[in-house]
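Trainee: this one's structure only:
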């Protein structure tokens, strides 16, 4: 069988090379409201069918939809696709309100189609390497992790034609850690089987660009059900070099830190490498690349070229495998909703002096009376 894929959002083509590197999969349709961009991208990438109306594409002969539109469109378009019998690979975040997340879960459970959130930072090779080492017990019991997304996007609030973009409202028009999943997703995978129990968010105030509602930096603490901690920093305002993929992990037998810049490299320390912690010294992570998952070590040049350090191929591969094998994807609708809800709860927290907010249990709360936000 051939899996036929349609992409909505002509700027969201990061998965295209990944799909084209997989046998029995073809991208047959592209949809976008910007007709000039739509036709130009379809010609450039040799996509045969184009649509300006999303519902028209859903009625076409396709099996799956990739949602690469602005974040406020993700849930409405996912719901329509699921109801039309299509599998869904959605860009981040999953949605923009808590209600949307409950709607999304309801529709995925009702129509029993594969829904996967395309959090490609989980697929960065180094993050997969650390995940494999965690699974093998090399860090002992992990109890603290952190992720940071530092990326000045103020210029993206205006389109090249001078009109205000959606980011002015749905990103920099929000308070709290509005875009957490790049930072949170990989770390949550290192804490396999855990769920977030509480979050609390704090902001620095408005210093660099007070015309935006987003504060310069927002810090969110996530306490897991076990009591372990994850710290997230999101800063899309400050004038500084970008660092969109910083992570650290601490366990009882070792620790890891991603690069900070200026020649820094991924580094690791494990108990037993030195006689004691007074003499402990970092080792380059590349000395441990034998722990990189086999599919990364054996990746072809075509797969590596898919983007995001090869991660864009493997995220597509996992989505396709979930469809063909009729199994759950690695980042399912419950993960997508929990990671996204950190953003939504952080807004309430920061506006209430860092109030601790309880995370809904998206896997087990099936009745409306359980689907509440506790203040």
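Mentor: Perfect, thanks for sending it. Please read these numbers as outputs of a predicted model, since none were measured by experiment.

Trainee: Next, count neighbours for the closest residue to residue 310 other than its chain neighbours.
Mentor: Nearest non-adjacent residue to residue 310, counting by CB to CB, 6 or more residues apart in numbering: residue 304, 4.4 Å away. Just so you know, the C-beta spots here come from the backbone N, C-alpha and C atoms, and that holds for glycine as well. Neighbours of residue 304 under the rule other CB atoms under 10 Å: 17.

Trainee: What are the phi and psi values at residue 304?
Mentor: phi -60, psi -30 (degrees, to the nearest 10).

Trainee: so it makes contact with residue 313?
Mentor: Yes. The pair residue 304 / residue 313 is scored as a contact, 7.4 Å apart, by CB atoms under 8 Å.

Trainee: lowest average confidence, helix or strand, in the protein?
Mentor: Sorting the helices and strands of the chain by mean pLDDT, DSSP states H and E puts helix 301-304 at the bottom, at a mean of 89.

Trainee: List the contacts of it.
Mentor: Applying CB atoms under 8 Å, 6 or more residues apart in numbering, the contact partners of helix 301-304 are 17, 18, 21, 310, 313, 314.

Trainee: Would you confirm that residue 185 belongs to a helix?
Mentor: Yes. Counting by DSSP: H, G, I helix; E, B strand; the rest coil, one finds residue 185 located in a helix.

Trainee: for it, what are its contacts?
Mentor: Here residue 185 is in contact with 119, 121, 122, 331, 335, 339 (CB under 8 Å, 6+ apart).

Trainee: could you redo the last one with a cut-off of 6 Å?
Mentor: Residue 185 sits next to 119, 121, 122, 339 when contact means CB atoms under 6 Å, 6 or more residues apart in numbering.

Trainee: now for these, which pair is the farthest apart?
Mentor: Based on CB to CB, the longest span within those runs between 121 and 339 and measures 11.0 Å.

Trainee: I'd assumed residue 314 was in a helix, is it?
Mentor: Yes. According to three-state DSSP, residue 314 belongs to a helix.

Trainee: What sits closest to it if chain neighbours are left out?
Mentor: Per CB to CB, 6+ apart, closest to residue 314 is residue 123, 5.1 Å.

Trainee: again, but for residue 7
Mentor: Residue 7 sits nearest to residue 66 (CB to CB, 6+ apart), 4.5 Å away.

Trainee: Quick check: pLDDT value at that neighbour.
Mentor: Note on residue 66: pLDDT of 98.

Trainee: That one against residue 88, yeah?
Mentor: No. Counting by CB atoms under 6 Å, residue 66 does not reach residue 88; the two are 8.1 Å apart.

Trainee: anything in contact with each of the two?
Mentor: Common neighbours of residue 66 and residue 88 (CB under 6 Å, 6+ apart) do not exist.

Trainee: If we go by neighbour counts, what in the helix or strand harbouring residue 169 is buried?
Mentor: Following DSSP states H and E, one finds residue 169 within helix 167-170. By 16 or more other CB atoms under 10 Å, the buried positions in helix 167-170 come out as 167, 168, 170.

Trainee: Let me have these in CSV, extended by distance to residue 320 and pLDDT.
Mentor: Below are those laid out as CSV (distance: CB to CB, whole Å; pLDDT from 0 to 100):
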residue, distance to residue 320, pLDDT
167, 30, 98
168, 35, 98
170, 29, 98
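
Trainee: So for the residue positioned nearest the centre of the chain, what's the pLDDT?
Mentor: Among the residues of the chain, the one closest to the centroid is residue 119, at 2.8 Å (CA atoms, centre = their mean). What the model reports for residue 119 is a pLDDT of 97.

Trainee: quick one: it and residue 181 touch, right?
Mentor: Yes. Using CB under 6 Å, residue 119 is in contact with residue 181, at 5.1 Å.

Trainee: any residues in contact with both of these two?
Mentor: residue 92.

Trainee: Please, where are all the strands along the stretch 151-300 of the chain?
Mentor: 196-203, 218-224, 229-235, 243-251, 254-257, 267-270, 283-284 (DSSP state E, counting those that start in this stretch).
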